[in-house]
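# fold the following and give me the result.
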Amino acid sequence: MKKYLLLAVIAALVLYYFGLFADFIQLFKLADGHTNWQYVANWSSGVLITALSITAVILFLSRAETTRANLELKAIKNDLEIRVQERTATLDESNRLLKEEIDQHLETTNRLHASETYIKNVLESMPTMLVGLNAKGEITQWNKKAEQNTGIAAKDALGKNLWDAYPIVTVTESQVKQALEKKLTLNFKQSQRGLFHYDTTIYPLQGALEPGVVILIVDMTNQVKSENKLIQRDKMSAMGELASSMAHDINVPVQAILSDISRAQQVLKGISDQVHPAACAQLAGQLAELDRELSDVASQGKHAVAIVSNLLNFASSHEETKQESDVAEIMDHTIELARSVLSLPHGLRFTDLTIERDYDQDLPLLPCFVSEIQQVFLSLLRHCFYAIGEVDREGYIPTIRVRILACYDALWVKISHNGLGLTSDEQQYIFEPYFGNEKSDADYDAGKRLSFPHFIMTEHHPGQMAVTSDINVGTTFHIQLQLHA
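Purely as a prediction, here's the structure:
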């Protein structure tokens with residue numbers, strides 16, 4: 001509408017500008033120059049009606065155009081809405097798929113994390129030392145047990161060469177190389193008597209991106225000690241049973257012999273009383289000599305009875321639990337036992353030795369198996385006695401010195417002699433099984449074996465045993481026993 005009004009105004013201005021407006025005005029004047037208002041009114045009404053008609057037509061056409069435009073806009077709007085809905089549905093589906101994928105990734109990540117945590121906890125909780133190595137020998141895994149056994153934290157070990165980080169490891173580079181190259185699982189045992197027993201396994205990784213091996217070191221010390229204790233306890237039980245059986249078997253004929261000797265001495269005494277010394281001096285002398293021989297036999301028989309009694313005491317003295325005992329008293333009893341049982345074929349007896357004792361006052365009681373401690377002391381005294389029997393020189397005084405003292409939380413026992421000492425090799429192997437001073441097994445003397453006493457000290461009691469010796473001076477055995485086991 002505004003457009004058409006603007007055109008009318010422009011048309012009026014054009015008429016006025018070109019002087020046509022004046023001519024247009026003359027159309028509405030009379031001949032005398034006056035305005036013909038009736039004509040103006042009629043013309044104006046016609047123009048107005050025409051304008052209104054044109055306006056109505058224009059409005060109708062505008063409305064039709066507006067309706068058509070609205071319909072097009074509505075169609076465009078509906079199309080846009082459909083497109084938006086489609087795009088929204090597509091976006092929702094993409095978001096849903098993306099969310100599902102993210103959820104799957106999160107679930108996979110959580111599972112991987114849980115699996116990694118579980119495997120890590122399993123490795124950390126293993127009671128076995130576990131070490132992982134790559135092909136260069138660098139540490140890739142170092143669990144808690146490895147930290148405890150070596151004293152090296154995982155952060156200080158990872159990434160380092162195993163033999164640089166822990167030089168005293170018992171696994172060699174050649175063993176690791178062999179497992180890698182041959183793809184073989186290696187298993188071997190390592191032990192040091194009285195200290196440790198290890199079962200070591202080296203196996204190569206299968207299907208790994210990078211080649212490597214895993215080393216498992218199982219500490220079998222407690223298990224081996226328990227097994228050895230059971231074995232030795234069975235041996236001790238069998239030994240006690242054998243000793244008891246032998247003692248009873250020996251005791252019967254010995255008692256019969258002593259009884260016969262006693263009756264023979266009584267008969268001999270009756271004969272001696274009837275023979276007058278002046279009448280038959282030779283017969284009296286022979287009877288006296290016979291009486292001395294019978295007395296000596298009776299003395300030896302009593303000695304045998306004492307040995308039998310000690311065997312019976314030994315056979316019945318095995319305890320199941322440790323008892324708090326006086327070590328000095330055990331030593332004194334063992335010395336008395338040695339005096340009754342130890343002698344050499346050439347005549348030397350334990351009673352011929354000088355025993356020097358030096359005990360601290362108020363020694364604390366020691367929790368121990370009394371019979372086993374006594375057996376250890378007797379074995380050491382026997383070894384000392386045999387070593388002294390090897391010496392034969394003028395002015396030699398065979399001497400055994402026993403020293404018992406308390407030091408901090410331990411009880412120390414030192415038994416030394418001035419007999420023939422041990423060589424360096426003998427000192428090195430004296431506590432190993434089946435070692436003796438003799439060169440051949442045929443001449444082997446069981447009295448010189450000290451592997452069993454060493455086993456008792458180190459395995460059955462929380463103690464240690466060592467030896468120092470000079471072949472020309474003698475030998476000293478050192479025993480350390482913990483007071484609080």
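
# could you chop this structure up by domain?
When the chain is parsed with automatic domain parsing, its domains come out as 36-101, 126-219, 221-318, 322-485.

# give me the distance between the two termini of the second one.
It refers to domain 126-219. Using Cα to Cα, to the nearest Å, the span of domain 126-219 from its first residue to its last is 12 Å.

# and stretch 351-365, by the same measure?
End-to-end distance of stretch 351-365 (Cα to Cα): 28 Å.

# now swap in stretch 420-430 and tell me
15 Å.

# which residues touch that stretch?
387-388, 390-391, 435, 437, 450, 467-475 (Cβ atoms under 8 Å, 6 or more residues apart in numbering). C-beta: built from backbone N, CA, C; applies to glycine.

# who wins on neighbours among these?
For the contacts of stretch 420-430, the largest neighbour count, defined by other Cβ atoms under 10 Å, is 24 neighbours, found at T475.

# wait, what's in contact with that one?
Per Cβ under 8 Å, 6+ apart, neighbours of T475: H383, C384, A387, S416, H417, G419, G421, L422, V467, T468, S469.

# shouldn't it be within a strand?
Yes: looking at T475 with DSSP: H, G, I helix; E, B strand; the rest coil, it is inside a strand.

# report the separation between it and V169.
Per Cβ to Cβ, to the nearest Å, T475 is found 36 Å from V169.

# hmm, back to that, from the contacts of stretch 420-430, which land in helices?
A387, I388 (DSSP state H).

# V84: how many residues sit nearby?
Counted with other Cβ under 10 Å, V84 comes out at 11.

# for it, which three-state class applies?
helix.

# quick one, helices of this protein?
In the chain, the helices defined using DSSP H lie at 2-17, 20-26, 37-125, 144-150, 154-157, 162-165, 173-182, 221-274, 281-315, 327-341, 370-389, 424-429, 451-455.

# out of those, the one nearest R349 is which?
helix 327-341 (7.9 Å; Cβ to Cβ).

# what's in contact with the closest one?
Against helix 327-341 from outside (Cβ under 8 Å, 6+ apart): 303, 306-307, 310, 349-351, 355, 357, 359, 363, 366, 368, 370, 373-374, 377-378, 381-382, 385, 402, 404, 411, 413, 481.

# next one: that helix to chain centre, how far?
42 Å (Cα atoms, centre = their mean, to the nearest Å).

# cool, stretch 457-475 as well?
That offset, for stretch 457-475, works out to 30 Å (Cα atoms, centre = their mean).

# what does the average pLDDT come to for that stretch?
Averaging pLDDT along stretch 457-475 yields 86.

# okay, how far is it across that stretch, tip to tip?
End-to-end span of stretch 457-475 (Cα to Cα): 19 Å.

# with stretch 457-465 instead?
Terminal residues of stretch 457-465 are spaced 7 Å apart (Cα to Cα).

# on that earlier part again, among the contacts of helix 327-341, name the buried ones.
307, 310, 350, 355, 359, 363, 366, 368, 370, 373-374, 377-378, 381-382, 385, 402, 404, 411, 413, 481 (16 or more other Cβ atoms under 10 Å).

# can you check which of the domains of the chain gets nearest to T117?
T117 sits nearest to domain 126-219 of all these, at 14.3 Å, using Cβ to Cβ.

# mean confidence for that closest one?
83.
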